[in-house]
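In: structure for this input, please:
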Amino acid sequence: SSFVFFSKISDLLQDVEKRNLVIGNIALQRLRSVRFLGVVFDEGLTWKNQIAETAKKAEKRVNVLRATTGLSWGLRKDNLLMLYRAIVRSVLDYGCEAFNQSAASSKKVLDRVQRRALMVVTGALRGTSLASLQVDCGEMPLEIRREQQTTLYAIRTRRIKDHPTKEIFFPNPWDKVVWTKRNMSKRRQKRVITSAPKRIIDSLKKLENFDFPDDGPLLTPPWKLVSPAIDTSLLGCEKSSPSVLPRALDIIFTYPATVAIYTDASKVKEKTAIGVYFKTLNVEFARRTPDNISIFTAEITAIQTAL
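Out: Residues are numbered from 1 along each chain as shown. The predicted structure follows:
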């Protein structure tokens, strides 16, 4: 058997070294770190071991990107970018909710891995800056992405009634930071205050009084849910064909005892918008959607808005 003593206070860690923990007559071996669900927890919670392993694993996958392209052959940029997001960025993201609170200097190695990967994707010159590569590929900086992932995790935590980590984020995570501020020296106080990203705290403050739906366990297993009937008989027809409208009306009139809801989405260059129309209730609704989303996403958004 073994144990790990977690603390950010070095004096406590040194004090533990002088003591022996025993269960019955068996002495416990002290470990400096432990792996749980693929994340390495070190005793000082510096996350240096986890970040080093993440960088090493991601670097190996960057070599896979290099093997798929050359000077005159290989995958196109969009395919390389999709491959980067699937096999490299997913590794850089894993466990970021935990190690995002580590020192900025420790996380710089991950930025270097991202830069090498985006260099392969774009084929840019060696001296190209990381910021330029991120703009060219539409990738946000890893620091902002980690804060986004942490905030999304906090939102998911808030929506689940009995989530075991809810007390970490809610109801007042910023109060814990203030409490720490009052009980530590000024030098240590600054480290603690800046270790919690301000954007995450501000986002959680806005969610404090928001009424989230309770995402409890499903009473019916997903594989037993009844799928809706979808008529795709018009799928292969051209919109400009004069026979499309009569055929569409015939399909609509086959459901006389239902409420007809009409949805549509349009896209002009990078701008998209959706529209919803309830004929029986005389309700019309139209709004802009975020730029640069696909027409498929806009159509799904229109249907979701109508429901």
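In: residues contacting the host helix or strand of residue 80, please?
Out: Per DSSP states H and E: residue 80 is located in helix 77-84. The contact list for helix 77-84 (CB atoms under 8 Å, 6 or more residues apart in numbering) reads 64-65, 68-69, 74-75, 117-118, 120-123, 137-138. Every C-beta, even on glycine, is put in place using the N, C-alpha and C of the backbone.
In: so which of those residues wins on neighbours?
Out: When neighbours are taken as other CB atoms under 10 Å, the top entry among the contacts of helix 77-84 is residue 117 (28 neighbours).
In: hmm, back to that, kindly export the helix holding residue 80 (C-alpha atoms) in CSV.
Out: The C-alpha trace of helix 77-84 is given here as CSV (Å, rounded to 0.1, in the frame of the first residue of the first chain):
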residue,chain,number,x,y,z
LYS,A,77,-4.7,22.1,-45.1
ASP,A,78,-8.3,21.6,-44.1
ASN,A,79,-7.8,17.8,-43.7
LEU,A,80,-4.6,18.4,-41.7
LEU,A,81,-6.4,20.8,-39.5
MET,A,82,-9.1,18.3,-38.9
LEU,A,83,-6.5,15.7,-38.1
TYR,A,84,-4.7,18.1,-35.7
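In: and the helix or strand just after that helix, what does it pack onto?
Out: Downstream of helix 77-84, the next assigned helix or strand under DSSP H and E is helix 90-93. Packing partners of helix 90-93 (3 or more CB pairs under 8 Å, 6 or more residues apart in numbering; DSSP states H and E): helix 48-66, helix 104-122, helix 142-159.
In: returning to that earlier point: among the contacts of helix 77-84, which one sits closest to residue 14?
Out: residue 117 (40.1 Å; CB to CB).
In: give me the pLDDT for that closest one.
Out: Residue 117 carries a pLDDT value of 94.
In: alright, I will stop here.
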